[in-house]
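S.K.: I'll drop the sequence and a predicted model, then ask my questions.
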Amino acid sequence: MPLRLPKFWHYFVIATLLDILVIFFSLNYVIGVDPFSVEATPIIVFCWVISNALVFPTSNQRYVSFIHTYYRIVKLYALFTIIYWLVLVIFYDGWNASISIGYLKFMFFLFLLVMIEKSAFVSVIRFIRKLGWGTSQYMILAYAKEAVYFRRSLRKKTHGGYRFCCAIEEGHPFIEKNDVEEFTSVLNDHKINEIYVYPTNKKETFDFIQKVAKLSGANIFLIPIDTVKHIQFFNFRKITSSSYEEIMNGPLIIWINRMAKRIFDLIFSTVIIVFLLSWLLPILGLCIVFESKGGVFFRQTRNGRNKKQFNCLKLRTMRANDVAHSKQATRSDPRITKVGAFLRKTSLDELPQFFNVFMGDMSVVGPRPHPILLDEKFESRIPDYNARFRVKPGITGLSQAYGYRGETQKLKDMTIRIKTDFVYIQNWTLLLDVRVVFRTIRTALLSRSESAY
């Protein structure tokens, strides 16, 4: 039998012990004090363990990503800094100590050494798995096309230690007959550790899989709906104990996730408004009014979260016309001004929407808000179209980050966008928001797509 790597709590214990060694090393060799003689050492260790427990990932441990590791370190370090500082100030009257040179030196080297330690830890695990150790048997519950693509994708991730066992479709007799005991015995006989499930609208299927997981001890992970094959996600959501509503609505159904996203939006929009829009908007506004009569801004009613309507702000890119609120822009549209064409091509016309973000009507990243007439046109023709209203609309989104922008009068084009939005909703993380922002900037600067006009 292949060697197995530790389970979830083993990972946590090993990682925390390594972190504590780094803390002791930082105190002894960097600060030059004996960690066993310093009163603050137990406090530091306690605060670090608490912080580590709060941010330790509960998603799939098999995929060991450097990017996700560094992202978690930043979260861990930020949380530890806050907790430790509060403990010093509140319980030890340590305001002066918390801003001393020694404290700052310790915090800097602790962060640096933890980054090095985690990088080495991840490298060792990836190397071990490439050798064929620490493998995990998995099953796929999906239709044949999705199962083949997903298996091929995992096969490329040799450092994940995945070993394919079998794949079954949603209409398999086990599921149709609700034969939990027989299906569980199959999992146990083949020593299957993980089941990867393609999203389904059938609540009965999820209920069946969760019953099986409880009996067999297998973990269930959600396969992201990846209609656009070049969009890759491997940080699978663990849904073993999730409710059906949480699975279908995504992580943002949880209030603390919505709060984290709102804080990110407030910080990001404030920085953009103060340091960019404060000087760029007046310049663009002058260019707009010099070329054509009318105001600088264009306001249009859009549907927000839970279909709550709001006024979406844009820079005016067209000459005054009676159908601006009902007719979508088309290629070579005579209503678009020369300045407007430049603004639309570079997406600079969307900049005022950072005020919408600041006010809470929109988010930096999310499904793009469509004109209300367009919503009414497609919501009855595309399944789960209204799922996009579970979250706030965004200035940019996963679709826009990968070049799916511009006119969407065709059902096929809109379907791709909606399904890509669903990928985002079901797999949201703050890191994904950051990735979408950078991808959008890169797409805007480098793409020569003719879809934006």
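M.R.: Thanks, I have it.

S.K.: helix or strand right after the host helix or strand of residue 12?
M.R.: Per DSSP states H and E: residue 12 is located in helix 8-25. Going down the chain from helix 8-25, the next helix or strand is helix 40-55, by DSSP H and E.

S.K.: Can I get that next one as PDB, trimmed to CA atoms?
M.R.: Taking only C-alpha atoms (Å, rounded to 0.1, in the frame of the first residue of the first chain), the coordinates of helix 40-55 have been written out as PDB:
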ATOM      1  CA  ALA A  40       6.500  37.300  26.000                       C
ATOM      2  CA  THR A  41       7.400  34.000  24.400                       C
ATOM      3  CA  PRO A  42       4.300  32.100  25.600                       C
ATOM      4  CA  ILE A  43       2.100  35.000  24.400                       C
ATOM      5  CA  ILE A  44       3.700  35.000  21.000                       C
ATOM      6  CA  VAL A  45       3.300  31.200  20.600                       C
ATOM      7  CA  PHE A  46      -0.300  31.400  21.800                       C
ATOM      8  CA  CYS A  47      -1.300  34.200  19.500                       C
ATOM      9  CA  TRP A  48       0.400  32.400  16.600                       C
ATOM     10  CA  VAL A  49      -1.400  29.100  17.200                       C
ATOM     11  CA  ILE A  50      -4.800  30.900  17.400                       C
ATOM     12  CA  SER A  51      -4.100  32.900  14.200                       C
ATOM     13  CA  ASN A  52      -2.900  29.700  12.400                       C
ATOM     14  CA  ALA A  53      -6.100  27.900  13.500                       C
ATOM     15  CA  LEU A  54      -8.300  30.700  12.100                       C
ATOM     16  CA  VAL A  55      -6.700  30.800   8.700                       C
END
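
S.K.: any idea of the angle it forms with helix 8-25?
M.R.: Angle, helix 40-55 to helix 8-25, by axes from the mean of the first three to the mean of the last three CA atoms, to 10 degrees: 150 degrees.

S.K.: What ranges does the stretch 251-400 of the chain have for its strands?
M.R.: For the stretch 251-400 of the chain, the strands defined by DSSP state E, counting those that start in this stretch occupy 297-303, 309-315, 363-365, 394-396.

S.K.: Make TSV out of those strands and add distance to residue 68.
M.R.: Yep, even glycine has a C-beta here, placed from its N, CA and C like the rest. What follows is these, written out as TSV (distance: least, CB to CB, whole Å):
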stretch	distance to residue 68
strand 297-303	33
strand 309-315	33
strand 363-365	18
strand 394-396	22
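
S.K.: Who are the packing partners of the helix holding residue 12?
M.R.: Counting contacts by 3 or more CB pairs under 8 Å, 6 or more residues apart in numbering; DSSP states H and E, helix 8-25 packs against helix 40-55, helix 101-130.

S.K.: mind checking how far that helix is from the chain centre?
M.R.: Centroid displacement of helix 8-25 relative to its chain, using CA atoms, centre = their mean, to the nearest Å, is 26 Å.

S.K.: cool, and stretch 422-434?
M.R.: 3 Å.

S.K.: how about the helices and strands packed on helix 8-25 in a markdown table, adding distance to residue 277?
M.R.: Shown next, in a markdown table, are these (distance: least, CB to CB, whole Å):
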| stretch | distance to residue 277 |
| --- | --- |
| helix 40-55 | 33 |
| helix 101-130 | 33 |
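
S.K.: mind checking which of the strands of the stretch 251-400 of the chain is nearest residue 119?
M.R.: In terms of CB to CB, the element of the strands of the stretch 251-400 of the chain nearest to residue 119 is strand 363-365, at 27.8 Å.

S.K.: Please point out which parts of that closest one sit buried.
M.R.: Buried positions in strand 363-365, judged by neighbour count with 16 or more other CB atoms under 10 Å: 363, 364, 365.

S.K.: doesn't residue 284 make contact with residue 348?
M.R.: Yes - in this structure, residue 348 is within contact of residue 284 by CB atoms under 8 Å, at 6.7 Å.

S.K.: Turn the helices and strands packed on helix 8-25 into TSV, including mean neighbour count.
M.R.: Formatted as TSV, these follow (neighbours: other CB atoms under 10 Å):
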stretch	mean neighbour count
helix 40-55	16
helix 101-130	15
